[in-house]
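Colleague: Only the shape, not the letters, is given here:
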């Protein structure tokens, strides 16, 4: 089980290194790591587990964050319409990206960053990833093509950056010309007038 003590922090060389492709077929160690990554994210969204193990909440985590320089990451995140995106991805490739840029209002966070950050990170409004998803129940790698946009796209791009040795803290800006927020916050006073 991955705990906060297993997660390396910014400044560590592994977080600044482009990760290596995962060799196929998957080794038992790689399968275990994929399950552990996805389990961490799920556990970090369970209040009892957070309290019991001192976990920081997350929607994704990449293998380099636990000091394994391999092209694997896991996301478990729900979109605003209730759609769940729960994947343990192997050797993902970004095959398409929009020209339009967006950002997460208030900025992004990261399990490997313990400090407050200021600024916003540019992300593509829509992206397409092709990868292999490890399905623990069937013990199979399933080819997936994920067409993502908005907040969900940001989550996957953040984790994709990790396997490319890029921390969001290296691309923080006060403003991003022509970029739009991934979503708008509605002022509660204004909500009644809608």
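Modeller: Ah, there it is. These numbers come from a predicted model, not from an experiment.
Colleague: So residue 145 is in contact with residue 128, correct?
Modeller: Yes. With contact defined as C-beta atoms under 8 Å, residue 145 counts as touching residue 128 (6.6 Å). For every residue, glycine as well, the C-beta is placed using N, CA and C.
Colleague: what sits in contact with each of those two?
Modeller: residue 95 (C-beta atoms under 8 Å, 6 or more residues apart in numbering).
Colleague: quick one, which of the two is more surrounded?
Modeller: residue 128 (17 against 10; other C-beta atoms under 10 Å).
Colleague: Distance-wise, check that one relative to residue 113.
Modeller: 27 Å (C-beta to C-beta, to the nearest Å).
Colleague: Residue 137 now?
Modeller: 33 Å.
Colleague: More neighbours: which of the two?
Modeller: More crowded of residue 137 and residue 113, by other C-beta under 10 Å: residue 113, with 16 against 5.
Colleague: give the contact list for the more buried one.
Modeller: 9-10, 167-169.
Colleague: before we move on, what about residue 142?
Modeller: Here residue 142 is in contact with 132-135 (C-beta under 8 Å, 6+ apart).
Colleague: Would you confirm that residue 34 contacts residue 90?
Modeller: Yes. Counting by C-beta under 8 Å, residue 34 does reach residue 90; the two are 7.1 Å apart.
Colleague: what's the overlap in contacts for those two?
Modeller: The contact sets of residue 34 and residue 90 overlap at 26, 72, 134 (C-beta under 8 Å, 6+ apart).
Colleague: and residue 133, how many residues sit next to it?
Modeller: Neighbours around residue 133, by other C-beta under 10 Å: 18.
Colleague: now residue 165
Modeller: Using other C-beta under 10 Å: residue 165 sits among 16 other residues.
Colleague: Ok, residue 173 next?
Modeller: When neighbours are counted by other C-beta under 10 Å, residue 173 registers 12.
Colleague: Ok, residue 5 next?
Modeller: Residues near residue 5, counting by other C-beta under 10 Å: 7.
Colleague: That one should be in a helix, yeah?
Modeller: Yes. Counting by DSSP: H, G, I helix; E, B strand; the rest coil, residue 5 falls inside a helix.
Colleague: just the helices in the protein please.
Modeller: 28-43, 47-53, 150-163, 188-191 (DSSP state H).
Colleague: most tightly surrounded among those?
Modeller: Each of the helices of the chain was scored by mean neighbour count; the highest is helix 150-163, a mean of 22, by mean count of other C-beta atoms under 10 Å.
Colleague: Report all helices and strands that that helix contacts.
Modeller: Counting contacts by 3 or more C-beta pairs under 8 Å, 6 or more residues apart in numbering; DSSP states H and E, helix 150-163 is packed against strand 60-62, strand 72-78, strand 84-97, strand 101-103, strand 123-124, strand 126-135.
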